[in-house]
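Engineer: How does the following fold in three dimensions:
(one chain, ligands or ions: 1)
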Amino acid sequence: MIPRSLPAGIDTEIAIVGGGLSGTIAATVLGRSGYRVTLIDRYPVFPHEFRVEKIAGDQIEKLRRIGLLDRLSASAVAFDEIVNIRNGRILDRTQARHYGIFYEDLVNAMRAELPETVRFIAGRVNGLEAGADRQRVSILGQGDVTARLLVLATGMGDILKRDLGIGRRFVHQRQSLTFGFNLRPVGASAFRHPALTYYGQRVTDGIDYLNFFPAADVTRANLFVFREHNDPWVKALREHPRETLIDTLPGLVKTFGDFEVIDKVESWLTDITVAQNCVRDGVVLIGDAYQTSCPAAGTGVSRLLTDVEQLCTVHVPQWMASPGMASAKIATFYADPVKQAMDAHGLHLAQFRRSLTIQNDLRWRARRQLHFSRRRILHGINAISPTFAARLRGLKRPAAEPAT
Ligand SMILES: Cc1cc2nc3c(=O)[nH]c(=O)nc-3n(C[C@H](O)[C@H](O)[C@H](O)COP(=O)(O)OP(=O)(O)OC[C@H]3O[C@@H](n4cnc5c(N)ncnc54)[C@H](O)[C@@H]3O)c2cc1C
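Structural biologist: Numbers count the residues shown, from 1 in each chain. As a prediction, this is how the structure comes out:
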């Protein structure tokens, strides 16, 4: 379904600015609950952006609960096993459903689920006013939308937030670098494994892991690195990705097969930030607009789905049941224990992945050794007794492991 564009100058119950993943899913959930929702985004069709490309773990269960999993599975490539390699040897295998999908396909698939009752306006928002009763959204060249509640789902940009006096706190500037590129096999018709995670070998390499997985009609690579953006290695990777990877991860070709990078290497430098001063009359922030996530930790989508679920199913029904939208109502969302736990987990996992990859003091060397040994041993036990291995896994969740 193509989103409906209507002229602005309208009054609505809930205006959502930002039709990326979080804004689109929030609009769907609220629209399905019967609220009059207007969703505004710069793009009538979401364009190519380098963001999440693999959906897994709790994200799948959350999408199922929200009623959007069928749309995801119809639009993405499903796969059920990832072979995990370290130092050229199999560490273990992740046996669970994963979906590979480019971000634009993901957002556009979710937009196709917007109920008929949700108005979609394609336009650039260039002004916001928020108050205890009415909110006003100005759209460049298209007039204003007024609403009882304003949801800001504008991602990492902060111009609109600043307009409302909302700032951001840097938890970690230049936390990590993420690279994405497409490959094809050389000297064979297919790679040895449809999906593979190759962990970094040396602390000095700063590589957390490299994922290969199917997405659309290609094999996609996501590489998560803790290095400075101006590091000569980064330049070498952009210019000669195959040679640089083979040089840094010598066991790669043996375990995965030889490959050719078929187009441009995309990259993204992530700052971890949290919104500040956001308890305001009339406006609530979700997704990256509230807190960004380290891509290596794989928590961005879990976070935004938690925001959407808690906001749309717990808080909005309470807020809308009585007059006004003063900051005391909005504060309950940021104080929500489920949201707070997820946000804290995102920050913790970001720091954990970074330390596990690059910290070289005695404590982290021991922790790294324990982390990977535990996985290797569990894998060995699993080969003999899957039931016993599952029981051992259940004793304590693997320390902060993303669904790689
Ligand atoms: C390289 C990379 C890799 C990642 N990998 C993973 C991963 O493996 N796993 C994971 O869980 N997470 C990952 N993430 C995080 C995840 O992609 C994000 O958390 C998620 O995409 C955020 O969605 P959002 O809707 O909050 O923001 P966005 O998708 O950025 O949406 C913001 C929307 O706001 C709109 N907008 C902004 N300003 C205006 C305006 N003035 N007027 C109108 N519209 C406006 C934009 O057009 C856009 O559509 C990754 C992120 C990056 C950068």
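Engineer: tell me the contacts of residue 360?
Structural biologist: Remark: with contacts taken as C-beta atoms under 8 Å, 6 or more residues apart in numbering, residue 360 is in contact with residue 203. For the C-beta atoms, the positions are set from N, CA and C on the backbone; glycine is no exception.
Engineer: Pull up the gap between it and the ligand, please.
Structural biologist: 26 Å (C-beta to the nearest ligand atom, to the nearest Å).
Engineer: Need the three-state assignment for that residue.
Structural biologist: Secondary structure, DSSP: H, G, I helix; E, B strand; the rest coil: residue 360 is coil.
Engineer: Could you pull up phi and psi at it?
Structural biologist: Torsion angles at residue 360 (phi, psi; degrees, to the nearest 10) stand at phi -120, psi 20.
Engineer: Pull up the residues of the protein that are close to the ligand.
Structural biologist: 17-23, 40-43, 50-52, 54, 124-125, 153-155, 157, 160, 178, 268, 287-289, 293, 295, 298-302, 304 (C-beta under 6 Å from any ligand atom).
Engineer: and with 5 Å instead?
Structural biologist: 18, 20-22, 41-42, 50-52, 124-125, 154-155, 178, 268, 287-288, 295, 298, 300-301 (C-beta under 5 Å from any ligand atom).
Engineer: out of those, which are buried?
Structural biologist: 18, 20-22, 41-42, 50-52, 125, 154-155, 178, 287-288, 295, 298, 300-301 (16 or more other C-beta atoms under 10 Å).
Engineer: taking those residues one by one, which sit in helices?
Structural biologist: 21, 22, 300, 301 (DSSP state H).
Engineer: Without its sequence neighbours, what residue ends up closest to the last one?
Structural biologist: Nearest in space to residue 301, with sequence neighbours left out and distances taken as C-beta to C-beta, 6 or more residues apart in numbering, is residue 59 at 4.7 Å.
Engineer: Residue 334 versus that neighbour, what's the distance?
Structural biologist: 22 Å (C-beta to C-beta, to the nearest Å).
Engineer: the more surrounded of these two?
Structural biologist: Neighbour totals were compared for residue 59 and residue 334, and residue 59 leads with 24 against 16 (other C-beta atoms under 10 Å).
Engineer: which element is that one on?
Structural biologist: If you go by DSSP states H and E, residue 59 is part of helix 58-66.
Engineer: Give me the contacts around that helix.
Structural biologist: Counting by C-beta under 8 Å, 6+ apart, 25, 28-29, 55, 69, 72, 97, 99, 301-302, 305-306, 308-309, 403 sit against helix 58-66.
Engineer: at 7 Å what do you get?
Structural biologist: Residues outside helix 58-66 that contact it (C-beta atoms under 7 Å, 6 or more residues apart in numbering) are 25, 29, 69, 72, 97, 301, 302, 305, 309.
Engineer: Enumerate every residue touching the third one.
Structural biologist: Just to be clear, that refers to residue 69. Residue 69 makes contact with 60, 63, according to C-beta under 7 Å, 6+ apart.
Engineer: start at 64 instead
Structural biologist: Let's use 64 as the start, then, which means that last one is residue 132.
Engineer: Phi, psi for it please.
Structural biologist: According to degrees, to the nearest 10, residue 132 has phi -70, psi -40.
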